[in-house]
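S.K.: Predicted model, plus sequence, below.
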Amino acid sequence: MPLAAAEADLSHSSPEYVRLSLAAAMTLGFAQGRFFRNARLGCINLLLTYPGGCKANCAFCGLARESQIPAEDPRFQKFIRVIWRAYALDQVVEACAAAPPHVERVCISMITHPRAREDTLEICRRVRAGCGLPVSLLIAPTILKRENLLEMKDAGADRIGVAIDAATPELFAKFRGKPAGGPHRWEHYWEIYQQSIEIFGRDMAGVHLIYGLGETEEELVWAMDRARRLGGYTHLFCFYPERFSALSDTPQPPASGYRRIQLARWLIDHDQAKASDMAFDGEGRIVFFGDDPEIIENAIASGRPFMTSGCPGASGEVACNRPYGNERPGPDLRNYPFLPEAEDITLVREQLATY
């Protein structure tokens, strides 16, 4: 397929058009480029698109209502560090059907928009029918009720993601709720997450949490623990300043705390530890991960806690590995999109020990 033929103007709307991450566009042959350290994308990420954009106003998001720039401005295509261009859904589905074997999943991301409920169902049905890959939905709880989750399951989705993002109700309100000029409510997000587990099954839903929004490590550990106790997982992100967002001038936090949070998440999600097993210093930093040092050492040595966390594919490995969505490609990766090598693990050990 010619590269130029695949691109569409961002004035087009879902469900007939969706935006693709640059990594997804490269993987499907719509864009040229090479992945740093030969990373391979395992999940094709689709984002709903509308000329009016998202109706929410999250302070850290480049799609926030008050950060909106005209759709005809090329800068509007930038989101989560890279270009997200629009493509015809039919072309995307056709390309997914012929995707390389390391592509094991499709994820459809909603935005807070009146049309997003029905359009998400339509896109999900067409992806499932056209390429057969399993479909995750990253949903917009503010515009959803329990009955909508049932419709999503009927449309063919097998997993749900809920981007709670902030670790505490205070931070959630500050960055996503009324104080930020947004419509989102902490309690409703957790309620929709719990309903997703009830409908899709244990281990079939996950929350997104961001490290670096002003929380302590302890607060984030307890949020991850809550997600696991309810029957799901945590998909972890490290804050990265998003262009055009209210937090665009906020620096990315150091890797040291994120490494400790990654290790804690892995232990919690693999039922090797609970928040109550861990200890924290006066600044809320993790100083003790649990009673079994062998489990902790084996986890660190494996490198797996420091890989991207997300929905799995048919192989059982994480498919949604989002190469370089949290940082620029380089020596200090926050989420490894592949199994870390010996040199990476040496760096990680140094970072874990840095306070």
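M.R.: Yes, it's here. Numbers count the residues shown, from 1 in each chain.

S.K.: C-alpha only now, for contacts and for neighbours.
M.R.: Noted.

S.K.: what's the nearest residue to Pro169 if we skip its chain neighbours?
M.R.: Trp186 (5.9 Å; CA to CA, 6 or more residues apart in numbering).

S.K.: Hmm, the one you found is touching Phe172, no?
M.R.: Yes - between Trp186 and Phe172 a contact is recorded at 6.4 Å, counting by CA atoms under 8 Å.

S.K.: what touches both of these two?
M.R.: Jointly contacting Trp186 and Phe172 under the rule CA atoms under 8 Å, 6 or more residues apart in numbering are Ile164.

S.K.: that older thread, dump the residue contacts of the residue nearest to Pro169.
M.R.: Counting by CA under 8 Å, 6+ apart, Trp186 has contacts Ile164, Pro169, Phe172, Ala173.

S.K.: what does Pro141 give?
M.R.: Val162, His188, Tyr189, Ile192.

S.K.: out of the residues you listed, which are buried?
M.R.: By neighbour count, with 16 or more other CA atoms under 10 Å, these hold Val162, Tyr189, Ile192 as buried.

S.K.: Narrow these to those in strands?
M.R.: Among the buried ones among the contacts of Pro141, the members found in strands (DSSP state E) are Val162.

S.K.: Quick check: of the buried ones among the contacts of Pro141, which lies closest to Gly282?
M.R.: Tyr189 (29.9 Å; CA to CA).

S.K.: was I right about the closest one contacting Thr142?
M.R.: Yes - judged on CA under 8 Å, Tyr189 makes contact with Thr142 at a distance of 7.3 Å.

S.K.: Leaving out the residues flanking it, which one is nearest to Phe172?
M.R.: Leaving out its chain neighbours, the residue that sits closest to Phe172 by CA to CA, 6+ apart is Ala166, at 5.0 Å.

S.K.: show me what contacts the one you found?
M.R.: Phe172, Leu209, Ile210, Leu213.

S.K.: Of those, which belong to strands?
M.R.: If you go by DSSP E, the contacts of Ala166 have Leu209, Ile210 in strands.

S.K.: Just the buried ones from the contacts of Ala166, in PyMOL syntax?
M.R.: A single PyMOL command selects the buried members of these (16+ other CA under 10 Å):
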select buried, resi 172+209+210+213
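
S.K.: Could you export the contacts of Ala166 as a markdown table, including pLDDT and distance to Leu46?
M.R.: Below are those laid out as a markdown table (pLDDT from 0 to 100; distance: CA to CA, whole Å):
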| residue | pLDDT | distance to Leu46 |
| --- | --- | --- |
| Phe172 | 99 | 25 |
| Leu209 | 99 | 20 |
| Ile210 | 98 | 20 |
| Leu213 | 98 | 26 |
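
S.K.: closest to Lys274 among the contacts of Ala166?
M.R.: Of all the contacts of Ala166, Lys274 sits closest to Leu209, with 17.0 Å by CA to CA.

S.K.: thought the closest one was touching Phe239?
M.R.: No - using CA under 8 Å as the test, Leu209 is too far from Phe239 to be in contact (9.6 Å).

S.K.: if we can go back for a sec, need the buried ones among the contacts of Pro141 in CSV (columns: pLDDT and distance to Ser276).
M.R.: Putting those into CSV (pLDDT from 0 to 100; distance: CA to CA, whole Å) gives the following:
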residue, pLDDT, distance to Ser276
Val162, 99, 24
Tyr189, 99, 24
Ile192, 99, 25
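
S.K.: so which of the buried ones among the contacts of Pro141 comes closest to Met26?
M.R.: Val162 (26.3 Å).

S.K.: Nearest residue to that closest one in space, ignoring adjacent ones along the chain?
M.R.: Val207 (4.7 Å).

S.K.: how many other residues sit next to the one you found?
M.R.: As a burial measure, Val207 scores 25 neighbours (other CA atoms under 10 Å).

S.K.: Pull the strand or helix carrying it out as PDB, backbone CA atoms only.
M.R.: Secondary structure assigned from DSSP states H and E places Val207 in strand 205-211. The C-alpha trace of strand 205-211 is given here as PDB (Å, rounded to 0.1, in the frame of the first residue of the first chain):
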ATOM      1  CA  ALA A 205      -9.100  -5.600  33.300                       C
ATOM      2  CA  GLY A 206      -6.400  -3.200  34.300                       C
ATOM      3  CA  VAL A 207      -5.900   0.300  35.600                       C
ATOM      4  CA  HIS A 208      -3.400   2.800  34.200                       C
ATOM      5  CA  LEU A 209      -1.500   4.600  36.800                       C
ATOM      6  CA  ILE A 210       1.100   7.400  36.200                       C
ATOM      7  CA  TYR A 211       4.200   7.800  38.400                       C
END
